[in-house]
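Student: structural data only, the sequence is not supplied:
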C-alpha cells in the first residue's frame with residue numbers, strides 16, 4: 001500500500017470511529033432515537049469524543065504505520081490543530097443555538113400576546129354588543145399578564161422590548177379590531193340563522 005493511501009485510511013478510520021462515538025447516543029437511545037433527550041446526549045458526547053480522538057488517531061496510525069513514528073508525530077500535530085478548530089466551531093454552534101432558542105422564545109411571547117388580544121376581542125364580540133372601545137379596553141385588561149410576559153421574556157434574555165415596539169403591536173391590534181368585531185358578529189348571526 002502506498003504512503004498516501006495509508007494516510008487516507010488513518011484519517012478515514014479515525015473519522016469513522018469518532019463519528020460512531022459522537023452518534024452512539026442516537027443509535028442506542030430508547031427505540032433508535034425516538035427519545036426526547038437523545039439530542040442532548042449527542043451534544044454531551046461531542047466533548048468526550050474530541051478528547052478521545054487523539055488516542056483513536058494514534059491507534060489508527062500505529063495500525064497502518066507500525067514502524068513510522070515520524071508520521072505519527074506529523075499526523076498528531078495536524079490532528080491537534082484540527083481539533084482546536086473543531087472545538088472552536090462546536091462552541092460557536094452551541095452559543096448560536098442558544099441565541100436562536102432565545103429569539104424563538106421572545107417571538108413566541110409577542111405572538112401569544114397578539115393572540116390573547118384578538119381572542120379576547122372575538123370572545124367579547126361574540127357575547128355582547130359592546131362598542132369597539134369597550135372591547136379594546138377589555139382585551140387589554142384581560143391580556144395584561146401576557147403583555148408583562150413579553151417584557152419579562154426579553155429581560156430574562158438580557159434584551160429589551162421597547163415601549164415603541166409594544167405601542168406599534170397594540171396599534172396594529174387597534175387597527176384590526178373593527179374587522180375582528182364585524183367578522184365575529186357576522187359569523188354569530190350566520191350560525192343563529194341556521
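Tutor: Looks like it arrived, so ask away. These numbers come from a predicted model, not from an experiment.

Student: how is the protein divided into domains?
Tutor: 3-98, 103-193 (automatic domain parsing).

Student: okay, those domains in JSON lines with mean neighbour count and mean pLDDT next?
Tutor: Yep, even glycine has a C-beta here, placed from its N, CA and C like the rest. Output for these, formatted as JSON lines (neighbours: other CB atoms under 10 Å; pLDDT from 0 to 100):
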{"stretch": "domain 3-98", "mean neighbour count": "14", "mean pLDDT": "68"}
{"stretch": "domain 103-193", "mean neighbour count": "14", "mean pLDDT": "84"}
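
Student: I'd like the distance between residue 13 and residue 55.
Tutor: Residue 13 is 13 Å from residue 55, where distance means CB to CB, to the nearest Å.

Student: isn't residue 22 right up against residue 49?
Tutor: Yes - Residue 22 lies in contact with residue 49 (CB atoms under 8 Å); the separation is 4.5 Å.

Student: so where does residue 59 fall, helix or strand?
Tutor: helix 38-64 (DSSP states H and E).

Student: what's that helix packed up against?
Tutor: Judged by 3 or more CB pairs under 8 Å, 6 or more residues apart in numbering; DSSP states H and E, the packing partners of helix 38-64 are helix 3-27, helix 69-127.

Student: now do it and helix 3-27, the angle between them.
Tutor: On the basis of axes from the mean of the first three to the mean of the last three CA atoms, to 10 degrees, helix 38-64 is oriented at 150 degrees to helix 3-27.
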